[in-house]
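>>> Build me a model:
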Amino acid sequence: MSGLSDAVRVIEPGKTYVGKQGFTYGAGVSKETVGAKNICLNVLPMPPGARAKVHYHDGIETIAYLLEGECAVYYGDKLEHRIAVKAGDHVYMPEDVPHAPCNESGAPCKWLVAHSSGSDQDGIVLLPELDAVLARKSNMSA
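Modelled structure (predicted):
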């Protein structure tokens with residue numbers, strides 16, 4: 001039992017990292033911080049006008065909870081869908097679905113993001129061919 005108790009950790013705020021998605025995250029529980037294997041949880045602050053690089057997580061599910069503010073999430077093979085998310089909403093993104101959050105609100109927002117992998121950087125596939133599509137859609141909605 002002592003081996004398990006040695007694995008318990010607290011991650012204090014203030015540690016950050018830059019993800020492939022184009023954001024600086026608040027580091028939480030992950031493979032990188034505690035050796036997590038099947039789940040991770042990080043904080044994603046998004047300033048006004050920020051948008052992710054279009055991507056999907058190969059074989060990995062995502063749950064995101066909007067802690068503060070409002071944000072749009074574009075998703076689908078051609079980013080043909082848009083959902084408006086407000087503080088207190090949960091978003092489930094199935095594995096392998098292209099998506100990108102965009103803060104079109106004019107005020108900061110903050111997400112709590114969990115993945116069914118030890119690291120939110122596992123399995124990321126960037127889709128640069130859709131970034132221009134996202135820019136057009138996001139600018140039209142702003």
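>>> Now do K110, the pLDDT please.
Note for K110: predicted pLDDT of 98.
>>> element containing it, please.
Assigned by DSSP states H and E, K110 belongs to strand 109-115.
>>> Now the helix or strand following that strand: buried residues?
Of the helices and strands lying after strand 109-115 in sequence (DSSP H and E), the nearest is strand 124-126. For strand 124-126, burial by neighbour count (16 or more other C-beta atoms under 10 Å) applies to 124, 126. Any C-beta I mention is one placed from the backbone N, CA and C, and that applies to glycine too.
>>> Export only the CA atoms of the longest helix anywhere in the chain, formatted as PDB.
Assignment by DSSP state H gives helix 131-141 as the longest helix of the chain. C-alpha atoms of helix 131-141 as PDB (Å, rounded to 0.1, in the frame of the first residue of the first chain):
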ATOM      1  CA  ASP A 131      -6.900  26.900 -40.000                       C
ATOM      2  CA  ALA A 132      -7.900  29.300 -42.800                       C
ATOM      3  CA  VAL A 133     -11.400  28.000 -42.700                       C
ATOM      4  CA  LEU A 134     -11.600  28.600 -39.000                       C
ATOM      5  CA  ALA A 135     -10.200  32.100 -39.400                       C
ATOM      6  CA  ARG A 136     -13.000  33.000 -41.900                       C
ATOM      7  CA  LYS A 137     -15.700  31.400 -39.700                       C
ATOM      8  CA  SER A 138     -14.500  32.900 -36.500                       C
ATOM      9  CA  ASN A 139     -14.200  36.400 -38.000                       C
ATOM     10  CA  MET A 140     -17.700  36.200 -39.400                       C
ATOM     11  CA  SER A 141     -19.100  35.300 -36.000                       C
END
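>>> Against which helices or strands is that helix packed?
In terms of contacts (3 or more C-beta pairs under 8 Å, 6 or more residues apart in numbering; DSSP states H and E), helix 131-141 is packed against strand 70-75, strand 99-102.
>>> Single out the most deeply packed of the ones you listed.
With neighbours taken as mean count of other C-beta atoms under 10 Å, those reach their highest mean count in strand 99-102, at a mean of 24.
>>> chain center to that strand, what's the gap?
Relative to the centre of its chain, strand 99-102 is centred 8 Å away, using C-alpha atoms, centre = their mean, to the nearest Å.
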